[in-house]
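Novice: Fold the following and give me the result.
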Amino acid sequence: MPPGCARLCNRRSSGSCAASSHGRPRLVDPARIVAETERALAEGPADRTALASALKKVYPDASPAFLAHAARTYKVLAHEPEAALFRGARAPRYRWISRLPEPDPEQVRQWRRQLVRRYLAAFGPATVADMQYSSGLTGLRSTVAELSDELATVTGPGGETLWDIRAPGAVEDVEDVEVPPIRLLPDYDNILFAHADRTRIVTDDLRRRVVVVAKRMQRIVLRNGFVAGTWTLDPAPYGSRATVVIRLPGRVTAAERAAAEAEVARLGALLSPRGTAVDGPVFTDLT
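Specialist: Reported below is the predicted structural model:
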């Protein structure tokens, strides 16, 4: 809820909402908000400040934060493309969804083909369901069929068809892939988020126990390519010195210890420019 205002839905006012700004209640009509928002965006995209300024002429007592929030709540708006960039401090601009140009069908077809190529280059081999889960799109089976000459197939452990790019170095036989004994992955790594089904590398029980704890994904440890435990960098937040603590079940072999030491060395090289020295690894049992 934006500061300085509160919204209480009022069923008796035909969907209107009561907005209070500095203790002064005022009814806000969603239909009026939608109409004024569309009028404000008629000339082109606008940011939150511009939307609030336009709505302030109609509701002068409401806070700008509330008005900008209402404009984006009562009607679906589209972000301009630059809003997808994670650099710079430019406020996102919004466009009226009905005013988006109608895409050319052939261009959409090419976009979908390119999406499949890029997805498989990053996360293949994968099923069509995985591609659709990651992208939020449906109907990609026909796109994959169009690209069949470019793609290789692998049969998964459950008999499912996994697709991958056909390129030098691409994986075509899962059994021949060499994986390091230990890999340390960051929290929210796409290895667990980019597929609909991850039972190939993590059991449902272990996923519940170690992957997501208190609604937050942990930093996970891969053991021979399978999720096996978690790791932390202690103390957190770390300062000039921190220690990698790895939690795994069972005995840690010499090969696993050596692989973990190599991972810690790479992590230390990554953090050294910010003045943090990394020690470890220290192994503890996963309980």
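Novice: any weak-confidence spans in the chain?
Specialist: Applying pLDDT under 70 to the chain picks out residues 1-27, 82-90, 99-100, 168-177, 213-215, 236-239.
Novice: okay, now the domains of it?
Specialist: The chain breaks down into these structural domains: 5-99, 105-175, 178-285 (assignment by automatic domain parsing).
Novice: Next, the distance between the ends of the last one.
Specialist: Looking at domain 178-285, the gap from its leading to its trailing residue is 26 Å under the measure CA to CA, to the nearest Å.
Novice: Over to stretch 51-64?
Specialist: Stretch 51-64 has its terminal residues 9 Å apart, counting by CA to CA.
Novice: about what we covered before: redo the domains of the chain as JSON lines? Include mean neighbour count.
Specialist: Every residue, glycine included, has its C-beta placed from N, CA and C. Formatted as JSON lines, the entries for these read as follows, by neighbours: other CB atoms under 10 Å:
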{"stretch": "domain 5-99", "mean neighbour count": "15"}
{"stretch": "domain 105-175", "mean neighbour count": "15"}
{"stretch": "domain 178-285", "mean neighbour count": "15"}
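Novice: how close does residue 231 sit to residue 158?
Specialist: 29 Å (CB to CB, to the nearest Å).
Novice: for residue 200, helix, strand, or coil?
Specialist: Secondary structure for residue 200, judged by DSSP: H, G, I helix; E, B strand; the rest coil, is coil.
Novice: residue contacts, it?
Specialist: Residue 200 makes contacts with 156-157, as judged by CB atoms under 8 Å, 6 or more residues apart in numbering.
Novice: ok, now how distant is it from residue 154?
Specialist: Residue 200 is 11 Å from residue 154, by CB to CB.
Novice: cool, residue 235 as well?
Specialist: Spatial separation of residue 235 from residue 154 under the definition CB to CB is 43 Å.
Novice: before we move on, what about residue 94?
Specialist: Per CB to CB, residue 94 is found 43 Å from residue 154.
Novice: residue ranges of the helices in the stretch 1-150 of the chain, please?
Specialist: Secondary structure of the stretch 1-150 of the chain by DSSP state H, counting those that start in this stretch: the helices cover 30-40, 48-56, 64-73, 105-123, 128-135, 140-146.
Novice: Go through those helices and name the closest to residue 196.
Specialist: The closest of those to residue 196 is helix 128-135. By CB to CB, the value is 3.6 Å.
Novice: which other helices and strands contact the closest one?
Specialist: Identification of packing neighbours for helix 128-135 by 3 or more CB pairs under 8 Å, 6 or more residues apart in numbering; DSSP states H and E yields helix 105-123, helix 140-146.
Novice: 10 Å instead, please
Specialist: For helix 128-135, the packing partners by 3 or more CB pairs under 10 Å, 6 or more residues apart in numbering; DSSP states H and E come out as helix 105-123, helix 140-146, strand 161-165.
Novice: End to end on stretch 54-65, go ahead and measure it.
Specialist: Using CA to CA, the gap from the first to the last residue of stretch 54-65 comes to 13 Å.
Novice: Off-centre distance for it?
Specialist: 33 Å (CA atoms, centre = their mean, to the nearest Å).
Novice: Same question for stretch 136-146.
Specialist: Using CA atoms, centre = their mean, the mean C-alpha position of stretch 136-146 is found 21 Å from that of the whole chain.
Novice: got a list of contacts for that stretch?
Specialist: 109, 111-117, 119-120, 127-132, 150-151, 153, 161, 163 (CB atoms under 10 Å, 6 or more residues apart in numbering).
Novice: make it 8 Å
Specialist: Taking CB under 8 Å, 6+ apart as the criterion, the residues outside stretch 136-146 that touch it are 109, 112-113, 115-116, 128, 131-132, 151, 163.
Novice: now the residues you listed as JSON lines including distance to residue 259?
Specialist: Rendered in JSON lines, the data for the contacts of stretch 136-146 read as follows (distance: CB to CB, whole Å):
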{"residue": "109", "distance to residue 259": "44"}
{"residue": "112", "distance to residue 259": "39"}
{"residue": "113", "distance to residue 259": "38"}
{"residue": "115", "distance to residue 259": "34"}
{"residue": "116", "distance to residue 259": "33"}
{"residue": "128", "distance to residue 259": "34"}
{"residue": "131", "distance to residue 259": "31"}
{"residue": "132", "distance to residue 259": "34"}
{"residue": "151", "distance to residue 259": "32"}
{"residue": "163", "distance to residue 259": "30"}
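Novice: Going by distance to residue 221, which of these wins?
Specialist: Sorting these by distance to residue 221 puts residue 131 at the head of the list, at 26.9 Å, by CB to CB.
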